[in-house]
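*Asks:* predicted coordinates and the sequence they were generated for:
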Amino acid sequence: NSSKVAETITFKLSGASTINLLSALPTLTNTVGTTFAFDGASSVTLDGSAAAGADGLTIGNGTNVVSLNGLAITIQNFDSGLKLLGTSTGSTFKGLTLANNANGIELVGGTLTGTTIAANTITANTEAGILADAGVTGLTIGGSGAGAGNTLQFNGVGMFFKTGGYSSTLVQGKIGRAHV
């Protein structure tokens, strides 16, 4: 997790699998790259129903080049399904389902240059689909190509950006339908 070399986290499960967490997962802290992969699993659900107040997947400040790209991962029943704790550059969060959390994605603020949040389904989160607690720089939410937009639906609010600087932050593509 705190290695100085790129790492791969592999889910070695069979078929569609659910991982029921009793507590929070460790915060990712690798500064040079973390890739997620499947070995035998067709989809993975991380369920925090029994992990009261925990966040699903937390990316630590200074953790760079995290790739959750095109895997069938559902993150559900957490405080925040995906939480970025500050600066994280060159990361990709694509093809996730974030459902039934308080917040689907929470951005604590910082430099996110080259980081993309695209082609995700963010639904039925009680507070916000995407919450930015403070200013972020260099983030792209969505995209202009076919299928690059995020679907935000049935959240308390679709996106909520609190006061702060949002330079070079781009929101584009399909934003969804209800409660945006």
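*Replies:* That came in fine, so what should we check first?
*Asks:* where does the protein dip in pLDDT?
*Replies:* 1-3, 174-180 (pLDDT under 70).
*Asks:* buried residues of stretch 38-47, list them for me.
*Replies:* F38, A41, S43, V44, T45, L46, D47 (16 or more other CB atoms under 10 Å). For every residue, glycine as well, the C-beta is placed using N, CA and C.
*Asks:* narrow those residues to those in strands?
*Replies:* F38, A41, S43, V44, T45, L46, D47 (DSSP state E).
*Asks:* and which of those residues is nearest L98?
*Replies:* Nearest to L98 among those is L46, at 10.2 Å by CB to CB.
*Asks:* contacts only, for that closest one.
*Replies:* I19, L21, L25, G56, L57, I73, T74, I75, Q76, F78 (CB atoms under 8 Å, 6 or more residues apart in numbering).
*Asks:* for the ones in strands among the buried residues of stretch 38-47, which one is nearest G90?
*Replies:* F38 (22.1 Å).
*Asks:* you'd agree the closest one is up against T8?
*Replies:* No - counting by CB atoms under 8 Å, F38 stays clear of T8, with 10.8 Å between them.
*Asks:* continuing past whichever strand or helix holds I130, what's the next helix or strand?
*Replies:* Assigned by DSSP states H and E, I130 belongs to strand 128-132. Once the chain leaves strand 128-132, the next helix or strand it forms, by DSSP H and E, is strand 136-142.
*Asks:* what's the following helix or strand after the lengthiest strand in the chain?
*Replies:* The longest strand of the chain (DSSP E) is strand 110-118. Per DSSP H and E, the first helix or strand lying C-terminal to strand 110-118 is strand 121-123.
*Asks:* so what's the gap between that next one and the chain middle?
*Replies:* For strand 121-123, the distance from its own C-alpha centre to the chain's C-alpha centre is 11 Å (CA atoms, centre = their mean, to the nearest Å).
*Asks:* picking that back up, pick the one among the contacts of L46 closest to A99.
*Replies:* Set against A99, the nearest of those by CB to CB is Q76 (4.8 Å).
*Asks:* beta-bridge partners for the closest one, please?
*Replies:* As for beta bridges, Q76 partners with D47, A99 under DSSP bridges.
*Asks:* is it in contact with A102, as I believe?
*Replies:* No - using CB under 8 Å, Q76 is not in contact with A102; the gap is 11.3 Å.
*Asks:* of the two, which one has the most company?
*Replies:* For Q76 versus A102, neighbours defined as other CB atoms under 10 Å are more numerous around Q76 (21 against 18).
*Asks:* contacting residues for that one?
*Replies:* Q76 sits next to T45, L46, D47, G48, G56, T97, L98, A99, N100, N101 when contact means CB under 8 Å, 6+ apart.
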